[in-house]
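[1] Could you look at this predicted model? Sequence included:
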Amino acid sequence: MTRNGPYLFDEFFASGKEESISPFLTPKSRKYAKNIALKSALLSAFLLALAFGLSFYSSIYSNFTLVFVYVLVGTPALIGTIDDIRNLEINIDVLMTLAAFLSVLIGSQLEGALLLVLFALSGAMESAVSSRAKGALHHLHEITPHFATVVDDKGVTTQKSVREIPVGTHVLVKAGEIVPLDGEVISGRSSLNLVHLTGESHPIPKEVGDTVQAGSRNLDGSITLRITKSSSESTLSRIVKLIHDAQEAKPKLERLFDRFSKVYSMSIILLSALFALSFPFLFHIPFLGVEGSLYRALAFLIAASPCALIIATPTAYLSALSASAKKGVLLKGGVQLDSLAGCDTIVFDKTGTLTTGELTLKGVTPPPGSKISSDQALALAAALEKRVTHPISAAIQKAAADLPAQSVQNFRAHAGLGLSGTSNGTPLYIGNRPFIEERTKLPEIHPKEGELIAYFLIGDELFLLSFEDELRDDIGETLNQLKSNYQVIMLTGDHYDNAAHIAKTLGIDNFQADLRPDKKLDIIAELAKNHQIAMCGDGINDAPALARAHVGIAMGKVGSDTAIDASDIVILNDDLNLIAWLSWKAKQTMRIVRENLILALAVITLATTPALLGFIPLWLAVILHEGGTVVVGLNSLRLLKK
């Protein structure tokens, strides 16, 4: 057992993740376990095609090949059917399996094998789609520290599993580490990035007495925490629970095919039995033989097997999914198209969704009569900031990329406050307001809405550096287009002033700010009572809301792994204009699915009734039946057009 073995054992079986990521599989065997049902179905399809080709030359070799098809895809179907019958669940899967195996009795084993292969392919695709919900928790576990550095009364540090750390324990968190548990700072000072919790990447200063949430990243100083919540009650654990609960609460859409499948299946099975037993008395025909009632009943059962119905929905959805992929949109299953077609409200996160999620330097304001130019000040700021990593530093480095490099001596980082150094004997200080106020008197500053100010003192000259989270290109035009079909709402973890500025700029009347993940989830759940909700976000903090919304839409380029896995749709190139296109494609898909179902049922009617009455031979009934399958498939291919 590895060092984190107990953790993996408990968490894996508690979370119900996909078997292929089990910690108890070797890396070599893991690749074979992934999508094994789909691999088996594809192999069976190949063997079926081979058996069909061999049937023109040798029935012995053809039937021998079909044995492997029945073993590969027939065995799981048969086991499932036995379980369904044992539980008194007579559904379309039972009908499919009965039709396939009974076809062997009347010499139509190829048709039976075809039904089994289509059945297996459909089930494998559905299974692959359903497994996506389990990935979100896996990514959250990956970023969650499993161990923490515990400090005892004598100052000695030891590594200990976070699950074994009680409330009141002192834990050391070094620069660059993720805070393992919720706690209160008892010594040290630092800046923390709360992007995992609020979605906002601005550094937040923390000092003695401040509370810190698990999942925060410690940026520039060491701090010691007194743990206030156990592992099971920490902020990250709560987010894991929120995602799980939201996915469980997500409504299961009932498609037309699902609603009548049980009635259809039971009716066909009972009718077949009734025809076999009653025809000898009603029409005075033999029970056995080519013209017998049993043969006709089996022909009816096979002709009525829903071959066209099986592919009516998967082919339509696969065609729509393929067209969406070409446009840079990844959908995690056709059911999301059903839900999106009915949405009337779309909710956006702010940072990383409506905005780029990165700070941009908007300007450098020098003091009146300064002898130092704005470019010189910016170059000196970049020289200080190049030794640290946080959002403000990245913005300054980017803005000063084309300026001549400056040298700085005596560099020092003041955790949670700022940086200092000298350049040719001139003292330099850059940081937040309290840090600079210790060295000079500051004027009253009133930042614009949505603006962040950093103070830069060069000698006795004070420069103001203003930063802003930039809006995405053409986002205003995109929202105007969406407003014609949706009610647009913005929910953000950013503070109210920034949110109000963005909302006003984009013309969003309905917005809420200062939201934690659980509050976002509550708002989405409340909206979902009266509206069909699509939620668009990018961060871990958005994951519970994305999972709870009828349709969760994640940004592929900037989105966190957790948000992407918790969502239903991923926009790979972050082009929000594609939401309107996707809505149109979803409605087109629903229309073609309905057409396919009507076509499939019409063909089944034409094939079954004449076969039952003996007006057409079995081979013609099969041709009509399979012809309907082809027509349904061709109709679905219309959705491939972008």
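    Thanks, I have it.
[2] Tell me where the stretch 1-150 of the chain has strands.
    Counting by DSSP state E, counting those that start in this stretch, one finds strands in the stretch 1-150 of the chain at the ranges 147-151.
[3] show me where pLDDT drops low in the stretch 1-150 of the chain?
    The stretch 1-150 of the chain contains residues with pLDDT under 70 at 1-35, 122-123, 125-143.
[4] before we move on, what about the stretch 401-550 of the chain?
    Looking at the stretch 401-550 of the chain by pLDDT under 70, you get 448-450, 539-541.
[5] I figured Glu177 hits Phe147, correct?
    No. Checked against CB atoms under 8 Å, the pair Glu177 and Phe147 is beyond contact range at 10.7 Å. Just so you know, the C-beta spots here come from the backbone N, C-alpha and C atoms, and that holds for glycine as well.
[6] can you map out the strands along the stretch 351-500 of the chain?
    Remark: strands assigned in the stretch 351-500 of the chain by DSSP E, counting those that start in this stretch are 355-365, 409-414, 418-423, 426-431, 451-458, 461-471, 487-491.
[7] Surely His531 is in contact with Asp344?
    Yes. Between His531 and Asp344 there is a contact at 5.6 Å, judged by CB under 8 Å.
[8] Between the two, which has more neighbouring residues?
    Remark: of His531 and Asp344, His531 carries more neighbours, 19 against 12, as counted by other CB atoms under 10 Å.
[9] Leu43: neighbouring residues, count only.
    16.
[10] and the nearest residue to it once chain neighbours are set aside, what does it touch?
    Nearest non-adjacent residue to Leu43, counting by CB to CB, 6 or more residues apart in numbering: Leu72, 6.4 Å away. Counting by CB atoms under 8 Å, 6 or more residues apart in numbering, Leu72 touches Ser40, Leu43, Ser44, Leu47, Ala120.
[11] give me that answer again for 10 Å
    Applying CB atoms under 10 Å, 6 or more residues apart in numbering to Leu72 gives the contacts Ser40, Ala41, Leu43, Ser44, Ala45, Leu47, Leu48, Leu116, Val117, Ala120.
[12] Next: Leu288.
    Contact analysis of Leu288 by CB under 10 Å, 6+ apart lists Pro280, Leu294, Tyr295.
[13] can you rerun that using 7 Å?
    When the contact criterion is CB atoms under 7 Å, 6 or more residues apart in numbering, the partners of Leu288 are Leu294.
[14] circling back: what's the closest of the strands of the stretch 351-500 of the chain to Leu639?
    Closest approach to Leu639 among these is made by strand 487-491 (27.4 Å; CB to CB).
[15] Wait, Ala341 touches Ile592, no?
    No. With contact defined as CB atoms under 7 Å, Ala341 does not count as touching Ile592 (11.7 Å).
[16] Show me the longest helix that occurs in this structure.
    Counting by DSSP state H, the longest helix found in the chain is helix 578-613.
[17] Let me know the average pLDDT across it.
    In this model, helix 578-613 has a mean pLDDT of 83.
[18] the strands in the stretch 501-642 of the chain, which residues?
    Going by DSSP E, counting those that start in this stretch, the stretch 501-642 of the chain shows strands at 510-512, 533-537, 551-555, 569-571.
[19] quick one on the thing from earlier: name the helices or strands packed onto the longest helix of the chain?
    Packing partners of helix 578-613 (3 or more CB pairs under 7 Å, 6 or more residues apart in numbering; DSSP states H and E): helix 256-282, helix 293-303, helix 307-326, helix 335-341, helix 475-483, helix 618-636.
[20] hmm, 6 Å instead?
    Helix 578-613 sits against helix 293-303, helix 307-326, helix 335-341, helix 618-636, with contacts defined as 3 or more CB pairs under 6 Å, 6 or more residues apart in numbering; DSSP states H and E.
[21] Nearest to Leu225, out of the ones you listed?
    So among the helices and strands packed on helix 578-613, helix 335-341 is nearest, using CB to CB, at 41.2 Å.
[22] the inter-axis angle of the longest helix of the chain versus helix 307-326?
    Per axes from the mean of the first three to the mean of the last three CA atoms, to 10 degrees, the angle that helix 578-613 makes with helix 307-326 is 160 degrees.
[23] Now do helix 578-613: distance to the chain's middle.
    Remark: helix 578-613 is offset 28 Å from the chain centroid, using CA atoms, centre = their mean, to the nearest Å.
[24] can you pull the buried residues of it?
    578-580, 582-583, 585-586, 588-590, 592-593, 595-597, 599-601, 603-604, 606-608, 610-612 (16 or more other CB atoms under 10 Å).
[25] Look at the residue of the chain positioned farthest from its centre and report its pLDDT.
    Distance from the C-alpha centroid of the chain, by CA atoms, centre = their mean, peaks at His284 (61.2 Å). If you check His284, the pLDDT there is 79.
[26] What separation do you get for it and Gly292?
    According to CB to CB, to the nearest Å, His284 and Gly292 sit 12 Å apart.
[27] thinking again about what came up before, what's the least confident stretch among the helices and strands packed on helix 578-613?
    For the helices and strands packed on helix 578-613, the weakest mean pLDDT is recorded on helix 618-636, namely a mean of 71.
[28] residue contacts, the closest residue to Gly74 other than its chain neighbours?
    Excluding its sequence neighbours, the residue lying closest to Gly74 (CB to CB, 6+ apart) is Leu116, at 5.2 Å. Residues in contact with Leu116 (CB atoms under 6 Å, 6 or more residues apart in numbering) are Val73, Gly74, Ala77, Ala100.
[29] do the same with Ala45
    So Ala45 contacts Val117 (CB under 6 Å, 6+ apart).
[30] 7 Å - rerun?
    For Ala45, the contact set (CB under 7 Å, 6+ apart) comprises Val117, Leu121.
[31] any idea how far Arg433 is from it?
    Relative to Arg433, and taking CB to CB, Ala45 is found at 68 Å.
[32] And for Lys371?
    For Lys371, the distance to Arg433 - CB to CB - is 24 Å.
[33] Name the residue in the two with the higher neighbour count.
    Arg433 (13 against 10).
[34] check contacts around the more buried one.
    Leu442, Tyr455.
[35] Report whether the expected contact of Leu419 with Ala413 is present.
    Yes. Proximity of Leu419 to Ala413 meets the contact threshold set by CB under 7 Å, at 5.6 Å.
[36] Pull up the overlap in contacts between those two.
    Both Leu419 and Ala413 are contacted by Val388, under the criterion CB under 7 Å, 6+ apart.
[37] Mind splitting this protein into its structural domains?
    Domain assignment for the chain, taken from automatic domain parsing, gives 5-34, 146-179+182-233, 357-471.
[38] Let's have those domains in TSV, adding distance to Ser58.
    Output for these, formatted as TSV (distance: least, CB to CB, whole Å):
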stretch	distance to Ser58
domain 5-34	33
domain 146-179+182-233	60
domain 357-471	64
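[39] between those domains, which gets nearest to Gln481?
    domain 357-471 (15.6 Å).
[40] For Ile269, grab the count of nearby residues.
    Using other CB under 10 Å, Ile269 has 17 other residues around it.
[41] What sits closest to it if chain neighbours are left out?
    Leaving out its chain neighbours, the residue that sits closest to Ile269 by CB to CB, 6+ apart is Leu95, at 6.2 Å.
[42] pretty sure that neighbour contacts Ile268?
    Yes. Using CB under 7 Å, Leu95 makes contact with Ile268 at a distance of 5.7 Å.
[43] follow-up on the earlier one: helix, strand, or coil at the residue farthest from the centre of the chain?
    coil (DSSP: H, G, I helix; E, B strand; the rest coil).
[44] okay, now the nearest residue to Ala41 once chain neighbours are set aside: neighbour count?
    The shortest distance from Ala41 to any non-neighbouring residue, by CB to CB, 6+ apart, is to Ala120 (3.8 Å). Using other CB under 10 Å, Ala120 is surrounded by 24 other residues.
[45] Now do the contacts for Ala120.
    Taking CB under 7 Å, 6+ apart as the test, what Ala120 contacts is Ser40, Ala41, Ser44, Val73.
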